[in-house]
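Asker: I would like to see how this sequence folds:
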Amino acid sequence: MQDDILLRAHALEFPAQRTAHGVIRNWLAELVSSGELPSGTRLPAERMLSQALGVSRMTLRQAMDSLKSSGYIDRIVGRGGGSFVAQQRPTVDLSDLMGLRPQLMKTAGTASSTVLAAETIAAPEAVAAALELSAGEPVHRIRRLRYADDVPVVIENSFFPEALFSDLLTQNLTGSLYRIMDIVYSKAPHSAEEELRPLAAAEDDAALLKVPAATPVLGITRTSHSLEGVAVEYSEDVFRTDRLRIMVSGRVRVDRTPIS
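Answerer: Numbers count the residues shown, from 1 in each chain. This is a model prediction of the structure:
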């Protein structure tokens, strides 16, 4: 495998408008993301790889530092050390409203859910405000633990207006709730507003996620709306960022009005 990497390195091209360390970083990141370099693969020594690439070791080290900070590689110091392809984290794109399970299935071997609670309750004040309901109106609360490759990665605590989803709790709640909202009720989420907050895992959440209490996690509060603009879901989720790669994609809107 190392010989193959060195052969590829010899053939790598460096466009004039891009930095050498950026080209190297993106090249290796693509090999890891595509699975061509599996987890645990040992990369060639820096001296050999820099020579094959025709760059200085300082330039290569910039690329390797970026790969390490992004979670693509691990670097081990000492005898038997070196740079190794890290265990890759499944990717979750917060801007993609296809639902969590289909996203996990793209980058993880397996994805599953356990229902922790499913009940109809009077909407707490914050939930009622988000769903544009009067305080105390009935909502369905569904709390689930989500797994990727049999590892607990997300705690979901979701609320749905009972008036829109009357018999939601009789559905199969271990699969995609968004698919149920679409197929059964024609109320699929079309847009969402999300707030991201760094948190220290509470004791109960830490036990579910199998991490030590106070472990850094990501809290995401989301309000989803249907195509008609109706609030259909309010959720307070907790994500393990050590086992998930959280990203937000987007598009640049170009202002084409004449420049005065």
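
Asker: just the strands in the protein please.
Answerer: For the chain, the strands defined by DSSP state E cover 73-76, 82-85, 91-93, 111-122, 138-148, 151-161, 191-200, 216-225, 231-239, 245-247.

Asker: List the buried residues in stretch 192-207.
Answerer: 199, 201, 205-206 (16 or more other C-beta atoms under 10 Å). For glycine as for every other residue, the C-beta is placed from the backbone atoms N, C-alpha and C.

Asker: Need the residues that contact that stretch.
Answerer: Stretch 192-207 has contacts (C-beta atoms under 8 Å, 6 or more residues apart in numbering) with 94, 97, 155, 209, 211-225, 238.

Asker: And for stretch 130-138?
Answerer: Applying C-beta under 8 Å, 6+ apart, the contact partners of stretch 130-138 are 120-125, 127-128, 139, 159, 161-163, 223, 231, 233-234.

Asker: buried stuff in it?
Answerer: Along stretch 130-138, these residues count as buried under the neighbour rule (16+ other C-beta under 10 Å): 130-131, 133.

Asker: same check, this time on stretch 175-192
Answerer: 176-181, 185, 187-189.

Asker: again with stretch 114-121
Answerer: For stretch 114-121, a neighbour-count test (16+ other C-beta under 10 Å) marks nothing as buried.

Asker: Stretch 229-245 too?
Answerer: Buried, per 16+ other C-beta under 10 Å, within stretch 229-245: 231-241, 243-244.

Asker: rewinding a little: can I get the buried residues of stretch 192-207 in CSV with pLDDT and distance to P258?
Answerer: Shown next, in CSV, are the buried residues of stretch 192-207 (pLDDT from 0 to 100; distance: C-beta to C-beta, whole Å):
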residue, pLDDT, distance to P258
L199, 95, 47
A201, 95, 53
D205, 96, 53
A206, 96, 56
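
Asker: So which of these belong to helices?
Answerer: Per DSSP state H, helices hold the following members of the buried residues of stretch 192-207: 205-206.

Asker: who touches stretch 3-22?
Answerer: 23-24, 27, 31, 37, 43-44, 48-49, 52-53, 55, 59-60, 62-63, 66.

Asker: If you could redo that for stretch 150-158, that was the one I meant.
Answerer: Taking C-beta under 8 Å, 6+ apart as the rule, stretch 150-158 contacts 90, 100, 110, 112, 116, 141-147, 177, 205, 208-210, 233-240, 243-244.

Asker: contacting residues for K68?
Answerer: By C-beta under 8 Å, 6+ apart, K68 lies in contact with 74-75, 83.
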